[in-house]
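Student: Sequence plus the predicted model coming up.
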Amino acid sequence: MNVREKTIIFSTFLSSCLAISLLGASLGTDNWVESKVYREANVKAYGYVHFGLFKGARQLNHGFGERNYPMDISDIMFHEQKFMNRDLYVTTVAMLIGGIFFGGLTVILSLLNTASDPREAVCHFPGLIALNSLAAICSLTGIATWVAQFSVRLKTNVLIREDTIKGGWSSEGLSFLGHSFCYGEQ
């Protein structure tokens, strides 16, 4: 294998490490969806809601000072079936983990290719292309399912039932995709 091929394979290693770190960061952060919230009954009341795939927070000011309420997304989905579409949620998480997995295999294979001269085609360029393609497909599918989730459920309401019914809070038309989602797009 010549120097040019080794350089290409090593750059594949670096780009795969970058992709894995961005996907891992997006899984661990809690700004996938962000929204301002309001109460029509009280103009002094305002708030902010943000959450990721696993956790988040609601900062609500009822007019007496801001209160912070943590959100456990799996617990909310267990108690409130209409909060998010469960199938889209599970598919999003599974696809992002799949992207990390296939990216990890690409990292290992590219290191082996850089250090040695593989004889099998599956261990050389065709294997790297296949694993990179699988990682990209998984990542793009995860992004597509989260965009569908946002469009179907989260665009109109990011609040739990207790806040909307008992508290009179609304997030209608104020939610947007946060910066954690943008990490997963890379």
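Tutor: Arrived safely.

Student: what's the longest helix anywhere in the chain packed up against?
Tutor: Longest helix in the chain, counting residues (DSSP state H): helix 86-115. On a contact count with 3 or more CB pairs under 8 Å, 6 or more residues apart in numbering; DSSP states H and E, helix 86-115 meets helix 3-28, helix 125-149. Just so you know, the C-beta spots here come from the backbone N, C-alpha and C atoms, and that holds for glycine as well.

Student: export those helices to CSV and tack on mean pLDDT and mean neighbour count?
Tutor: Shown next, in CSV, are these (pLDDT from 0 to 100; neighbours: other CB atoms under 10 Å):
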stretch, mean pLDDT, mean neighbour count
helix 3-28, 89, 16
helix 125-149, 93, 18
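
Student: about what we covered before: flag every buried residue along the longest helix of the chain.
Tutor: 88-89, 91-93, 95-96, 98-100, 102-103, 105-107, 109-110, 113-114 (16 or more other CB atoms under 10 Å).

Student: likewise stretch 54-61?
Tutor: Along stretch 54-61, these residues count as buried under the neighbour rule (16+ other CB under 10 Å): 55-56, 58, 60-61.

Student: Would you mind pulling the contact partners of it?
Tutor: By CB atoms under 8 Å, 6 or more residues apart in numbering, the residues outside stretch 54-61 that reach it are 27, 30, 33, 37, 44-51, 66-74, 159-160, 163, 167, 169.

Student: Among those residues, name the ones in strands.
Tutor: Per DSSP state E, strands hold the following members of the contacts of stretch 54-61: 33, 37, 46-51, 66-72, 169.
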